[in-house]
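Asks: sharing a sequence plus its predicted fold:
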Amino acid sequence: MITSPDNNKLKTIRKLQRKSWRAKLGLFCAEGEDLADAAAAAGWRSEFVLRAGEDVEPELLAEVSALGSGTRVVGVYAQRWGRPEGALLVYLHGVEDPGNVGTVIRSAHALCDATVVLGPGCADPFSPKAVRASMGSLFARPPAPARLEQLSGRVVALDAAGERALDTADLTPPLVLCLGAERDGLPAELAAEAVRIPVIADSLNVAMAATIALHDCARRMAAHA
């Protein structure tokens, strides 16, 4: 039982709250029993797992937790990246919010079993917020780093300023669905040919927009199966 805050495993968890240390060590944390279970189900071996009351004093684990309410389980894993391949890819450009990145990874996996490709300027998918938002999909479908020109498939860009509605786009595979950050959007060459999701308000959160588009992709792919 760990009883000292100076324990090396606790020190490692503290370090992994920072991006620079995650990059240096090639590790990340997953907090909570549900994420530890998802990692095991996907075949990921941990560097170590600490369970409150079993491996470590509960208050010590709470002190190193990235969650405001603390946690009962923290697992540390080696970072693992996916490959940018498949019938459907979701390409993110400049999406800086880690919660949005994690949510898109979750939606892409849940709706289309698709890989998310992270282009320039995207948030770290192994940050605590992104890992939590992915709800285990990070383990089942790790994201892939790549540039758009490296991907294969017909490109469909989604942007609030698009002239045509999403339902006019050809969403049959092979397909690369592109989304950008809410403030800056997509590069000009993509935005010029973008489609939009018709809404009453100004726009949708990028993760919500991705989820709606992925649901449409899944429906159309099923209809043509």
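Replies: Done, it's in. Numbers count the residues shown, from 1 in each chain.

Asks: run a quick neighbour tally on the closest residue to Ala165 other than its chain neighbours.
Replies: Ranked by CB to CB, 6 or more residues apart in numbering and with sequence neighbours excluded, the top spatial neighbour of Ala165 is Pro198, at 5.4 Å. To be clear about C-beta, it is placed using only N, CA and C from the backbone, and glycine gets the same treatment. By the criterion of other CB atoms under 10 Å, Pro198 has 8 neighbours.

Asks: what does Val195 give?
Replies: Other residues near Val195 number 18, with proximity taken as other CB under 10 Å.

Asks: tell me who's in contact with it.
Replies: Counting by CB atoms under 8 Å, 6 or more residues apart in numbering, Val195 touches Val156, Ala157, Leu158, Asp159, Gly162, Arg164, Ala165, Leu166, Thr168, Ala169.

Asks: rerun at 10 Å
Replies: In this structure, Val195 makes contact with 156-159, 162-169, 171, 213, judged by CB atoms under 10 Å, 6 or more residues apart in numbering.

Asks: what about those, which are in helices?
Replies: Of the contacts of Val195, the ones assigned to helices by DSSP state H are Ala213.

Asks: okay, the contacts of Val195 in TSV with pLDDT, distance to Val90 and neighbour count next?
Replies: Listed next are these as TSV, based on pLDDT from 0 to 100; distance: CB to CB, whole Å; neighbours: other CB atoms under 10 Å:
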residue	pLDDT	distance to Val90	neighbour count
Val156	96	10	21
Ala157	95	12	25
Leu158	95	10	26
Asp159	91	14	21
Gly162	90	17	22
Glu163	88	22	11
Arg164	93	20	11
Ala165	94	19	11
Leu166	94	14	19
Asp167	91	18	11
Thr168	92	20	9
Ala169	92	14	23
Leu171	90	12	21
Ala213	96	9	24
